[in-house]
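[1] Sequence first, then the predicted structure, then my questions.
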Amino acid sequence: MSNKIIAANGKINIGLNITGKLPNGYHLLDMIMAPISLADFLHIKFHEEEGDLNITSNLKNIPLGPENIVYKVYEKFYEKTGLKKRKVDLYLEKNVPSEAGLGGGSSDGAHFLKALNELHNYPLNLVELIELSKGVGADLPFFLVNKTARVQGIGEILERVENNLDCDIILLKPEFGVSTVAAYKNSSKIEKMKSANMNSILMGLRENSLELVKRGIENNLEEALLVDNENIIGFRKKLDSIGGLEFFMSGSGSAYFTFVKKGEGKTYLSKLEEKIKNCKFYLCSFL
Ligand SMILES: C[C@@](CO)(OP(=O)(O)O)[C@H](O)COP(=O)(O)OP(=O)(O)OC[C@H]1O[C@@H](n2ccc(N)nc2=O)[C@H](O)[C@@H]1O
Ligand SMILES: Nc1ncnc2c1ncn2[C@@H]1O[C@H](COP(=O)(O)OP(=O)(O)O)[C@@H](O)[C@H]1O
């Protein structure tokens with residue numbers, strides 16, 4: 001038997017353009033994704049004998065059976081490799097809020113897949129891992145590389161990019177969630193979507209220029225939700241009324257983030273806590 005504790009970090013999307021749609025309904029994307037220090041922890045006990053995966057967690061509002069992303073990865077890994085299923089006990093210590101656009105569940109799944117592949121002495125290479133994980137969720141391939149990257153395709157085409165942005169990140173998670181499916185569905189209601197300026201974002205990340213990064217950010221999924229999602233419309237209004245800071249939605253939301261100067265995160269966070277109610281705040285950094 002072997003025990004492991006693995007950090008499964010979250011991510012933020014820095015700019016998200018929808019560039020097309022596949023016959024299967026999935027959308028083609030062009031976005032920057034960056035790993036952040038906020039993380040879940042996978043407490044894994046791998047047994048010698050054959051068996052099944054048993055998941056427990058500190059959270060009660062996520063599925064702990066076959067609907068859990070980690071369970072889906074477990075099934076697919078053994079199906080693909082043909083190896084005998086190991087008995088595994090997993091305690092999922094959740095810190096990344098769910099339905100936030102921070103990739104919480106996706107990261108759990110991708111990190112568990114890497115641990116399974118290592119346990120069995122690497123039967124799958126990175127291309128095979130990406131192919132397998134993409135079938136579980138579009139956000140999983142990013143976490144297999146887990147470095148700041150330009151992400152295209154449905155989420156499986158990854159090109160690492162330089163990220164020298166030296167700042168504190170404040171995440172804001174309002175108490176409501178957002179359905180990723182609804183966000184994508186809504187995008188077809190918009191004639192002409194704004195477009196994130198990837199060159200400005202990439203240059204800003206490379207040159208550590210917050211200005212260049214912020215100037216380039218647009219998120220087509222936020223634009224889509226602003227069509228008729230009352231929760232997002234109300235929260236966006238609230239954020240726009242706060243002077244001095246710019247807020248950006250991560251992925252399909254409902255979490256937003258803002259960049260502040262390194263070391264000033266705590267001060268800004270307490271000011272925001274006074275101004276915005278029914279919202280959780282997280283101070284973190286790029287990983
Ligand atoms: C929006 C993004 C941006 O990074 O992240 P989150 O906000 O979820 O963190 C991802 O595209 C979400 O990836 P993920 O959450 O893994 O999506 P999946 O489970 O694969 O798909 C859920 C549903 O979202 C839609 N979907 C997802 C990805 C994609 N490229 N096109 C889509 O249209 C499909 O309707 C799909 O059935
Ligand atoms: N390991 C997991 N952690 C969190 N949510 C999970 C997990 N497995 C499945 N889910 C389900 O996936 C959805 C949100 O997944 P998550 O990746 O946390 O959100 P997002 O993709 O918006 O960042 C929720 O409906 C939740 O019930």
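    Looks like it came in fine. Ligands and ions are numbered 1, 2, ... in the order given.
[2] Tell me the residues on the protein that lie near ligand 1, please.
    13, 25-27, 29, 101, 103, 106, 137-139, 154-155, 180-181, 184, 221, 251-252 (CB under 6 Å from any ligand atom). Quick note: C-beta positions are derived from backbone N, CA and C, even for glycine.
[3] ok, which stretches of the stretch 1-150 of the chain are helices?
    69-81, 104-119, 126-134, 140-145 (DSSP state H, counting those that start in this stretch).
[4] Same list, those, but as CSV with mean pLDDT please.
    Shown next, in CSV, are these (pLDDT from 0 to 100):
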stretch, mean pLDDT
helix 69-81, 98
helix 104-119, 98
helix 126-134, 97
helix 140-145, 98
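[5] Could you dump these into CSV and include distance to residue 88?
    Listed next are the helices of the stretch 1-150 of the chain as CSV, based on distance: least, CB to CB, whole Å:
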stretch, distance to residue 88
helix 69-81, 7
helix 104-119, 8
helix 126-134, 17
helix 140-145, 18
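[6] Throw the ones you listed into TSV and include mean neighbour count, thanks.
    Output for the helices of the stretch 1-150 of the chain, formatted as TSV (neighbours: other CB atoms under 10 Å):
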stretch	mean neighbour count
helix 69-81	19
helix 104-119	24
helix 126-134	18
helix 140-145	24
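[7] For those, give me JSON lines that also has distance to ligand 2.
    Formatted as JSON lines, the helices of the stretch 1-150 of the chain follow (distance: least, CB to the nearest ligand atom, whole Å):
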{"stretch": "helix 69-81", "distance to ligand 2": "4"}
{"stretch": "helix 104-119", "distance to ligand 2": "3"}
{"stretch": "helix 126-134", "distance to ligand 2": "13"}
{"stretch": "helix 140-145", "distance to ligand 2": "9"}
